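In: Predicted model and sequence below, questions to follow.
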Amino acid sequence: MATSEKQAMVVGIDDSEHSKYALEWTLDHFFAPFASNPPFKLFVVHAKPTASSAVGLAGPGAADVLPYVDADLRKIAARVVEKAKELCLGKSVNDAVVEVVEGDARNVLCEAVEKHHASMLVVGSHGYGAIKRAVLGSVSDYCAHHAHCSVMIVKRPKIKH
């Protein structure tokens, strides 16, 4: 199958264990078993929040902290990308495209689906409780309703204590 005929798969990642697990799970199930000819072209996308959205404050002094917050977010993004590349290479997926796009993860992932004409979007599940989810809004819920493709939400197995 030539690359041009392959369907695109977008995996959304952040700096959480949940998204690392989702990427590993995806690589293990959709890429590793197919050796050098996986059925999908892989795009790994990290949404880097804007400094102002991360700070979420306005008023005197807010502008002063933004450059520091942005530098921090860039460092996190670089780490996330590095880790994703390592995971992909570790599973012999050498042609994955890893991107950082600034913005809210919900919009960034839905736009990535459009841009790459993806037939599948994979996201991890943070496993927030109902209140936290109601306040924060779940990226996976949003994508499940708004992405123009199938959405797979990868959940980490519950650890039995």
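Out: Structure's in. What do you need? Numbering: from 1, shown residues only.
In: tell me what the longest helix along the chain is packed against?
Out: Ranked by residue count under DSSP state H, the longest helix found in the chain is helix 62-90. Helix 62-90 makes packing contacts with helix 17-26, strand 40-48, helix 51-55, strand 97-102 when contacts are defined by 3 or more CB pairs under 8 Å, 6 or more residues apart in numbering; DSSP states H and E. Backbone N, C-alpha and C define where each C-beta goes, glycine included.
In: tell me the SS of Val122?
Out: strand (DSSP: H, G, I helix; E, B strand; the rest coil).
In: which residues does the residue nearest to it when sequence neighbours are not counted contact?
Out: In space, and not counting its chain neighbours, Val122 is closest to Val11: 4.4 Å by CB to CB, 6 or more residues apart in numbering. When contacts are counted by CB atoms under 8 Å, 6 or more residues apart in numbering, Val11 touches 22-23, 26, 42-45, 121-123.
In: Tell me the one of the residues you listed nearest Ala54?
Out: Using CB to CB, Val45 comes nearest to Ala54 of the contacts of Val11, at 18.0 Å.
In: what's the neighbour count on that closest one?
Out: For Val45, the count of nearby residues is 24 (other CB atoms under 10 Å).
In: Repeat that for Pro38.
Out: Neighbour count for Pro38, taken as other CB under 10 Å: 21.
In: Would you agree it is in contact with Phe30?
Out: Yes: under the criterion of CB atoms under 8 Å, Pro38 makes contact with Phe30 at 6.3 Å.
In: Can you list the low-confidence ranges for the protein?
Out: For the chain, applying pLDDT under 70 flags the ranges 1-4, 56-59, 127-137, 160-161.
In: distance between the longest helix of the chain and the chain's centre?
Out: Put simply, helix 62-90 sits 13 Å off its chain's centre (CA atoms, centre = their mean, to the nearest Å).
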